[in-house]
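*Asks:* I'll drop the sequence and a predicted model, then ask my questions.
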Amino acid sequence: MTNVKEMEKSFYKDVLTGLRSVPKRLEPKYLYDYRGSELFEEITKTPEYYPTRTEMRILKKELNSISHYIGDDAALIEFGSGSSEKIKFLLHHLKGIKEYVAIDISESFLLQSVEKLKKEHQHLYVHTVCADYTVPFSLPSLKAKKKVLFFPGSTIGNFDKQERKTFLNQMSTLLTKGDGFIIGVDLKKDEKLLHSAYNDAKQVTRAFNLNLLQRMNRELLANFIVENFEHKAFYNHEEGRVEMHIESLKNQLVTIGEEEVSFQKGETIHTESSYKFSVQEFQNLAKEANFIPKKVWTDEENLFSVHYLEV
Ligand code: AVI
């Protein structure tokens, strides 16, 4: 597990390394400070951002089938916040979930959202783990017979090739035979739909991306002038991913702590990749990490998929 102080130190180090590399890049996990997490929640409610809504529809439609795979005495272990409609829905309808573990990088967001869940589900054992799940960590000891990991929202798409391999391998080592993994995976689709999902009319995604500059100003005493930068998101066909960048609108010098970083006009910071997969592509990845694909649920338009894997 990584504690908060260590996370702050590595944020500074990673920012300097990332902004001095060519091309400039920052890890997407840094988009999620408290404000970033709030903005992400807002994105999920925009009409253009179909993944959250579609995944929720799949969970509702397939509740009986999901219940069958989860069984009657399971601990559901969620990566991400405990505030989403999805987890509330599953905890409310699946009586086989006896225990819930919420794992999130943002401690304040995690504690606040889990507090509400505890009140609503007084008979549920609830655990919180503040951790960066992209690095190894351990689970608290659990009472339930079976562990089921829950990784909704296609966050797997935000990992690069090596990271997703490491992540899936790590997940399979947290489990023993018969345990399960429910994972949401965004599907390849029409580029126009993808483009508008990451360039919403209300510009919430823009605010989410540019919040990273404000976060560096707040936490690292940087002096980014936000107006001098712009949000840029597009589908990279060859790579099969939506890329999100922050573009510098002029030549400029920015101070971060004691250090200076220069930007050329048009130069970008690559802040996030969001890979899209076919069902087959994802199942192949899962198999490489020793998972057995047991079931896949999709919506009528084939926008999104939810997979049930076993070890
Ligand atoms: C969290 N993750 C799956 C989102 C995505 O679609 O890649 C993050 C996001 N970035 C911009 N909009 C949403």
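*Replies:* Noted; the coordinates are in hand.
*Asks:* And the residue of the chain found nearest the ligand, how far from Gln112?
*Replies:* Nearest residue of the chain to the ligand: Ser274, at 3.2 Å (CB to the nearest ligand atom). Yep, even glycine has a C-beta here, placed from its N, CA and C like the rest. According to CB to CB, to the nearest Å, Ser274 stands 26 Å off from Gln112.
*Asks:* more crowded one of these two?
*Replies:* Shown here are Ser274 and Gln112; by other CB atoms under 10 Å, Ser274 has more neighbours (21 against 14).
*Asks:* Wait, a strand at that one?
*Replies:* Yes: membership of Ser274 in a strand is supported by DSSP: H, G, I helix; E, B strand; the rest coil.
*Asks:* now the strands: where do they sit in this structure?
*Replies:* 24-25, 74-79, 97-104, 125-130, 146-151, 180-186, 229-236, 241-248, 252-256, 259-263, 268-275, 292-298, 304-310 (DSSP state E).
*Asks:* highest average neighbour count across those strands?
*Replies:* With neighbours taken as mean count of other CB atoms under 10 Å, the strands of the chain reach their highest mean count in strand 180-186, at a mean of 25.
*Asks:* Compute the inter-axis angle for that one and strand 292-298.
*Replies:* Calculated by axes from the mean of the first three to the mean of the last three CA atoms, to 10 degrees, strand 180-186 forms an angle of 40 degrees with strand 292-298.
*Asks:* Partner strands of strand 180-186, with direction?
*Replies:* Pairing partners of strand 180-186, with direction, according to DSSP bridges: strand 146-151 (parallel), strand 304-310 (antiparallel).
*Asks:* tally of neighbours for Gly178?
*Replies:* 11.
*Asks:* check contacts around the closest residue to it other than its chain neighbours.
*Replies:* Distance criterion CB to CB, 6 or more residues apart in numbering; nearest residue to Gly178, sequence neighbours excluded, is Lys146 at 6.4 Å. Lys146 makes contact with 70-71, 73-75, 178-180, according to CB atoms under 8 Å, 6 or more residues apart in numbering.
*Asks:* that older thread, need the strands paired with strand 180-186 in TSV with distance to Lys45 and mean pLDDT, can you?
*Replies:* Below are the strands paired with strand 180-186 laid out as TSV (distance: least, CB to CB, whole Å; pLDDT from 0 to 100):
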stretch	distance to Lys45	mean pLDDT
strand 146-151	21	96
strand 304-310	16	98
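*Asks:* okay if I get these as a markdown table plus distance to the ligand?
*Replies:* Converted to a markdown table, those look like this (distance: least, CB to the nearest ligand atom, whole Å):
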| stretch | distance to the ligand |
| --- | --- |
| strand 146-151 | 10 |
| strand 304-310 | 11 |
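*Asks:* Name the helix or strand of this protein that has the lowest mean pLDDT.
*Replies:* helix 107-120 (a mean of 82; mean pLDDT, DSSP states H and E).
*Asks:* Go through the strands paired with strand 180-186 and name the closest to Thr17.
*Replies:* Among the strands paired with strand 180-186, the nearest to Thr17 by CB to CB is strand 146-151 (27.3 Å).
*Asks:* what angle separates the closest one from strand 74-79?
*Replies:* Comparing the axes of strand 146-151 and strand 74-79 via the same axes, to 10 degrees yields an angle of 30 degrees.
*Asks:* How far away from the center of its chain is strand 146-151?
*Replies:* Its chain's C-alpha centre and that of strand 146-151 lie 16 Å apart, by CA atoms, centre = their mean, to the nearest Å.
*Asks:* For that strand, C-alpha coordinates in PDB please.
*Replies:* C-alpha atoms of strand 146-151 as PDB (Å, rounded to 0.1, in the frame of the first residue of the first chain):
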ATOM      1  CA  LYS A 146     -15.600 -16.300  -2.400                       C
ATOM      2  CA  LYS A 147     -13.800 -13.200  -3.700                       C
ATOM      3  CA  VAL A 148     -15.200 -11.300  -6.700                       C
ATOM      4  CA  LEU A 149     -13.200  -8.400  -8.000                       C
ATOM      5  CA  PHE A 150     -15.200  -5.600  -9.600                       C
ATOM      6  CA  PHE A 151     -13.400  -3.200 -12.000                       C
END
